[in-house]
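S.K.: curious how this folds, go ahead:
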Amino acid sequence: MSLEIKYDVTSDNTLEIQPIGEVDIYTSPALKNKIYELIEEKKLDILINGNNLDYIDSTGLGILMGIYKKLKENNLNIKITNLKPNIYKLFDITGLNKIFNIQE
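M.R.: Predicted structure coming up:
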C-alpha cells in the first residue's frame, strides 16, 4: 500500500493534486498534511485528479471532507475529476457526490 502525491499549479491558477495509489487509514494522514500545507501556502482552488487513484476508504473520504471545510473557510473551491467507477460509487453511496463538484 502506497501513496504518491503529485501537484502542480495549472494555467488557470488552480492547484491540481494527483494522488497516485491508495488513500486509506495508513496513507490518509500524509495526504491530509500535504494538502493542508498547500492550502496554507498557495491559497488556491483545488482540483483533485483521480486518474491514478486506485482506492479510497472511509478514512480518505473523511480527510476530503476536512479539506472541503478548510477550503470553504478560506473561500476556496474543490473540484474532483477522473474518478474510477468503483471510487465514484463510494461518493454516490455516501452522498458525497452531492457535496463535491465531481466531473467526469
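S.K.: and Gln18, what's its pLDDT?
M.R.: Turning to Gln18, the model gives it a pLDDT of 97.
S.K.: residues contacting it?
M.R.: 5-7, 48-49, 51-52 (Cβ atoms under 8 Å, 6 or more residues apart in numbering). (C-beta placed from N, C-alpha, C; glycine too.)
S.K.: could you do Asp8 as well?
M.R.: 15-16.
S.K.: can you give me the helices for this structure?
M.R.: Under the criterion DSSP state H, the chain contains helices at 28-42, 58-73, 85-94.
S.K.: can I get the CA coordinates of the second one in PDB?
M.R.: In other words, helix 58-73. Extracted in PDB, the C-alpha atoms of helix 58-73 (Å, rounded to 0.1, in the frame of the first residue of the first chain):
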ATOM      1  CA  SER A  58     -13.900   6.000   4.700                       C
ATOM      2  CA  THR A  59     -10.800   7.500   6.300                       C
ATOM      3  CA  GLY A  60      -9.800   9.000   3.000                       C
ATOM      4  CA  LEU A  61     -13.400  10.400   2.500                       C
ATOM      5  CA  GLY A  62     -13.200  11.900   6.000                       C
ATOM      6  CA  ILE A  63      -9.900  13.600   5.000                       C
ATOM      7  CA  LEU A  64     -11.600  15.000   1.900                       C
ATOM      8  CA  MET A  65     -14.500  16.400   4.000                       C
ATOM      9  CA  GLY A  66     -11.900  18.100   6.200                       C
ATOM     10  CA  ILE A  67     -10.200  19.600   3.200                       C
ATOM     11  CA  TYR A  68     -13.600  20.700   1.800                       C
ATOM     12  CA  LYS A  69     -14.300  22.500   5.100                       C
ATOM     13  CA  LYS A  70     -10.900  24.100   5.300                       C
ATOM     14  CA  LEU A  71     -11.200  25.400   1.700                       C
ATOM     15  CA  LYS A  72     -14.700  26.800   2.400                       C
ATOM     16  CA  GLU A  73     -13.300  28.700   5.500                       C
END
